[in-house]
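Chemist: Give me the fold of what follows.
(chains A and B)
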2 protein chains.
Amino acid sequence: MPETIPADSVGLVTPQKLVHDTPLDLDCGRALPAFEMVYETYGQLNAQKDNAILICHALSGDHHAAGYHSMEDRKPGWWDTCIGPGKPIDTNRFFVVAPNNLGGCKGTTGPMSTNPETGKAYGPDFPIVTVSDWVHSQALLADHLGIDQWAAVAGGSLGGMQALQWAIDYPDRLRHSIVIAGAPRLSAQNIGFNEIARQAIMSDPDFHEGRYYDYNTIPRRGLMIARMLGHITYLSDLSMRAKFGRELREGKINFGFDVEFQVESYLRYQGKSFVEKFDANTYLLMTKVLDYFDPAKEYDDDLSAALKDTQAEFFVAAFTGDWRFAPQRSREIVKALVKGRKTVSYSEITAHHGHDAFLMPIQDYMDALRTYMNRVAQGGAQ
Amino acid sequence: MPETIPADSVGLVTPQKLVHDTPLDLDCGRALPAFEMVYETYGQLNAQKDNAILICHALSGDHHAAGYHSMEDRKPGWWDTCIGPGKPIDTNRFFVVAPNNLGGCKGTTGPMSTNPETGKAYGPDFPIVTVSDWVHSQALLADHLGIDQWAAVAGGSLGGMQALQWAIDYPDRLRHSIVIAGAPRLSAQNIGFNEIARQAIMSDPDFHEGRYYDYNTIPRRGLMIARMLGHITYLSDLSMRAKFGRELREGKINFGFDVEFQVESYLRYQGKSFVEKFDANTYLLMTKVLDYFDPAKEYDDDLSAALKDTQAEFFVAAFTGDWRFAPQRSREIVKALVKGRKTVSYSEITAHHGHDAFLMPIQDYMDALRTYMNRVAQGGAQ
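Modeler: Next comes the predicted model:
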């Protein structure tokens, strides 16, 4: 809980809601008859409406990217490090828009929402969406806000994939695409980790084939395992070593299966607290969105061809200690852009924090992002 | 199934059993009143009894290291690549002994065995053993076989940890210690992965606090998740990419949660088949043996001090694509030995196969091991 709101915070914020009451066609061939999308905004849209930044969230993120909902909040929004007055994404000059994506569980239409056809929660009947579907729905949000062209679309991890897809799907509706700790598609190992998370959730007897809402229960154990596993892949071996080492909670081993090492305690806590605030069906959906993302697929695996019609300038950043989406994956994006003679800046930041580095106030990262955002503020790629 | 037994195979083999009917004190402070240990041998013990090699198995391994149990066997023992007539661990000159470790589920006393105090299976009451406990029980097997000194003790992964512990606990009972794809202790990340596997098993409602034998069930889902997770850590991102890429089983995505990518199919198969042949309580135990291994702990984290009384010569090998126990971990062992002026050969093999490389017929690896085993055959460190 902040005793006072820090001066460089966007302060207390209130989520807003877009109500879209006509059908939205989806990549899977189905349509959502209508949808609601929760979002937050920070800063002011200028008269020319050319200072808007779209922030795309990652797997377990949401629309609460910066600031506080109340003075009781323990923590600010997930990207508060980067968004605020005087911060790299400076709300003194940018109008920042952060939606919760379709399929989410924080207010936007998703598996927990009521299916108008049945009057009950969608649950497993909620369609599996794609990054393109998200981008399409975000474009409807832009229309609603009167934004013809984003100054930039930005995100980390799965959020970076949205920034990339935006440049492909709506070439003239963004000037800059900011892709941080992303990848052009998942590797087999990435998919494997997602599959284990899904199996953990779906094999939990409390999952009831996704209809656990009807049983007044949640697949608590499965979602906890999924989150613990995810969490390990967000950290690096080195950062875990620095954070926990082999520290024992009670200073000695007890020859039992209760928590002994600090790292066990940490992971269990992360898993348990996640279960209280996130929906398992949404988690499943998000892993599928990740698995399916592959813009080069319909271009014979030629990413450069997939990006050939993009008009945005790109900022790509990666972190050396990230083994989930290693710098090599970002370099694939950079190479494809360079091959296609697109304008791209690449920053490879030395940081041992793992994938989570994109959320952290690492000086070199803040400096690189700030410098690039100065460029965004000056226009470019119009 | 081999139509004919290959000429370089040890052929058909029959497990033997050591029955030890006096108590065995354990590191945890408890004692096993008695134990049985299943083992296999290949080759002939010579008259001087100085050509014996002890093979130590890893997490899910057992005493069946080479050859076949019957002509119906689909596969030979787990280290058949390395053990046989003319192979690197050449049974024409060595007498090879491969036991199943205490706590195992393949015949050696473990959680599935009858607890003489209750007349029922030990289950969760089986004591948590340590690498030192294993080494101690293996020394009793050596006594039984009349082997005062092993020509070498060898193993990969957790097996390599036993080879290291042998050199510490019984300095004069082995001439060579062969530590492949090992580590001087687990990192926080390693422990984290083990903890997730344990949570998956222990949170399965069919686990019944380890007493699932009494309920005629097994924690199938949890053990499957644990194995899938283990399996990902045995492979490298690169080897998974080479093996599966993003291949789809049906050539297209189906927007559903059934198996779509080949890697999902493979992991589910590995998980499911493991459940049929391995015991969950043993799996839990083995992960704890790994977590607890830390010979430097009682020497103020000075591994060199822990190794100061060793008399064996060491062969340490690691694989570049192994991220579970990366070469850096093997180099920690080598550095500690060099600091203590011990004799050590180190081979860092370029291989993209991940941790599982230690089981594979990689030419450079086979050559290095063969060359070292020639040295073992010539004596040394006596």
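Chemist: all contacts plus neighbour counts: C-alpha atoms, from now on.
Modeler: Noted.
Chemist: the strands in the stretch 51-200 of chain A, which residues?
Modeler: A:52-56, A:83-84, A:89-90, A:95-99, A:152-156, A:176-180 (DSSP state E, counting those that start in this stretch).
Chemist: for the record, mean pLDDT for the fourth one?
Modeler: Spelled out, it's strand A:95-99. Taken as a whole, strand A:95-99 has an average pLDDT of 98.
Chemist: elements contacting it?
Modeler: strand A:35-42, strand A:52-56 (3 or more CA pairs under 8 Å, 6 or more residues apart in numbering or on different chains; DSSP states H and E).
Chemist: Return the most buried member of the ones you listed.
Modeler: strand A:52-56 (a mean of 27; mean count of other CA atoms under 10 Å in any protein chain shown).
Chemist: mean confidence for that one?
Modeler: Rounded mean pLDDT across strand A:52-56 is 98.
Chemist: Note down every partner strand of that strand and its orientation.
Modeler: strand A:95-99 (parallel), strand A:152-156 (parallel) (DSSP bridges).
Chemist: Out of the ones you listed, indicate the one that is most buried.
Modeler: Highest mean neighbour count among these (mean count of other CA under 10 Å): strand A:152-156, a mean of 28.
Chemist: Remind me what the one helix or strand residue A:331 maps to packs against, helices and strands.
Modeler: Assigned by DSSP states H and E, residue A:331 belongs to helix A:327-339. If you count contacts as 3+ CA pairs under 8 Å, 6+ apart, helix A:327-339 packs onto helix A:303-306, strand A:313-319, strand A:344-349.
Chemist: And for that helix, what's in contact with it?
Modeler: Here helix A:327-339 makes contact (CA atoms under 8 Å, 6 or more residues apart in numbering or on different chains) with A:181-184, A:303-304, A:307, A:316-320, A:343-344, A:346, A:348.
Chemist: Around chain B, which positions in the stretch 201-350 of chain A sit nearby?
Modeler: A:203-204, A:221-222, A:225, A:228-229, A:232, A:236-237, A:240-241, A:244-246, A:253, A:255-256, A:263-264, A:267, A:292 (CA under 8 Å from any CA of the partner chain).
Chemist: So which of those belong to helices?
Modeler: A:221-222, A:225, A:228-229, A:232, A:237, A:240-241, A:263-264, A:267, A:292 (DSSP state H).
Chemist: so which of those is the most crowded?
Modeler: Highest neighbour count within these, by other CA atoms under 10 Å in any protein chain shown: residue A:225, with 31 neighbours.
Chemist: how much space between the residue most central in space within chain A and chain B?
Modeler: Nearest to the mean C-alpha position of chain A, by CA atoms, centre = their mean, lies residue A:58 at 1.2 Å. Distance, residue A:58 to chain B, using CA to the nearest CA, to the nearest Å: 20 Å.
Chemist: And for residue A:150?
Modeler: 30 Å.
Chemist: cool, residue A:50 as well?
Modeler: Look at residue A:50 and chain B: by CA to the nearest CA, they are 37 Å apart.
Chemist: ok, the nearest residue to that residue once chain neighbours are set aside - how many residues close by?
Modeler: In space, and not counting its chain neighbours, residue A:50 is closest to residue A:151: 6.0 Å by CA to CA, 6 or more residues apart in numbering or on different chains. Residues within reach of residue A:151, counting by other CA under 10 Å, total 30.
Chemist: Also residue A:70?
Modeler: Neighbours of residue A:70 (other CA under 10 Å): 15.
Chemist: Repeat that for the one 5 residues further on.
Modeler: Neighbour count for residue A:75, taken as other CA under 10 Å: 14.
Chemist: now swap in residue A:326 and tell me
Modeler: That count, for residue A:326 with other CA under 10 Å as the rule, works out to 18.
Chemist: isn't it right up against residue A:348?
Modeler: No: at 10.1 Å, residue A:326 and residue A:348 do not qualify as touching, with contact defined as CA atoms under 8 Å.
Chemist: Now do the shared contacts for these two.
Modeler: If you check residue A:326 and residue A:348 against CA under 8 Å, 6+ apart, the residues they both contact are A:318, A:319, A:320.
Chemist: Tell me how far the last one lies from chain B.
Modeler: By that I understand residue A:320. For residue A:320, the distance to chain B - CA to the nearest CA - is 15 Å.
Chemist: Next one: the closest residue to that residue other than its chain neighbours relative to residue A:234, how far apart?
Modeler: Sequence neighbours aside, residue A:350 is the residue nearest to residue A:320 in space, at 5.1 Å (criterion: CA to CA, 6+ apart). In this view, residue A:350 and residue A:234 are 16 Å apart by CA to CA, to the nearest Å.
Chemist: Kindly report the same for residue A:351.
Modeler: In terms of CA to CA, residue A:351 sits 13 Å off from residue A:234.
Chemist: contacts for the helix or strand of chain A with the lowest mean pLDDT?
Modeler: The weakest-scoring helix or strand in chain A, judged by mean pLDDT, DSSP states H and E, is helix A:237-243 (a mean of 92). Residues outside helix A:237-243 that contact it (CA under 8 Å, 6+ apart): A:263, A:321, A:352, A:353, A:354, B:187, B:188, B:189.
Chemist: Any regions of chain A where pLDDT drops low?
Modeler: A:1-2, A:380-382 (pLDDT under 70).
Chemist: can you list the domains in it?
Modeler: A:16-185+A:294-379, A:190-288 (the TED database).
Chemist: Redo those as CSV? Include distance to residue B:138.
Modeler: Formatted as CSV, these follow (distance: least, CA to CA, whole Å):
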stretch, distance to residue B:138
domain A:16-185+A:294-379, 39
domain A:190-288, 21
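Chemist: follow-up on the earlier one: between residue A:350 and residue A:234, point out the one with more neighbours.
Modeler: residue A:234 (19 against 15).
Chemist: how close does that one get to residue A:360?
Modeler: In terms of CA to CA, residue A:234 sits 12 Å off from residue A:360.
Chemist: What of residue A:11?
Modeler: For residue A:11, the distance to residue A:360 - CA to CA - is 19 Å.
Chemist: Please apply the same query to residue A:301.
Modeler: 33 Å.
Chemist: Residue in the stretch 1-150 of chain A with the shortest distance to chain B?
Modeler: residue A:128 (5.8 Å; CA to the nearest CA).
Chemist: That residue against residue B:256, yeah?
Modeler: Yes: between residue A:128 and residue B:256 there is a contact under CA under 8 Å: 7.1 Å.
Chemist: So which of these two has more stuff around it?
Modeler: For residue A:128 versus residue B:256, neighbours defined as other CA under 10 Å are more numerous around residue A:128 (26 against 13).
Chemist: so who does the more buried one touch?
Modeler: Here residue A:128 is in contact with A:28, A:103, A:285, A:288, A:289, B:255, B:256 (criterion: CA under 8 Å, 6+ apart).
Chemist: Try it again at 7 Å.
Modeler: A:28, A:285, B:255 (CA atoms under 7 Å, 6 or more residues apart in numbering or on different chains).
Chemist: Could you pick out the buried ones from those?
Modeler: Among these, those buried by neighbour count (16 or more other CA atoms under 10 Å in any protein chain shown) are A:285, B:255.
Chemist: ok, back up a step: quick one: which of the shared contacts of residue A:326 and residue A:348 is most hemmed in?
Modeler: residue A:318 leads the shared contacts of residue A:326 and residue A:348 on contacts (other CA under 10 Å) with 30 neighbours.
Chemist: Give me the distance between that one and residue A:230.
Modeler: From residue A:318 to residue A:230 the distance is 19 Å (CA to CA).
Chemist: are any of the contacts of helix A:327-339 buried, and which?
Modeler: Buried, going by 16+ other CA under 10 Å: A:181-184, A:303-304, A:307, A:316-320, A:344, A:346, A:348, out of those.
Chemist: Between the residues you listed, which sits nearest chain B?
Modeler: Chain B lies nearest to residue A:184 out of these, by CA to the nearest CA, at 12.4 Å.
Chemist: That closest one and residue B:298, how far apart?
Modeler: 47 Å.
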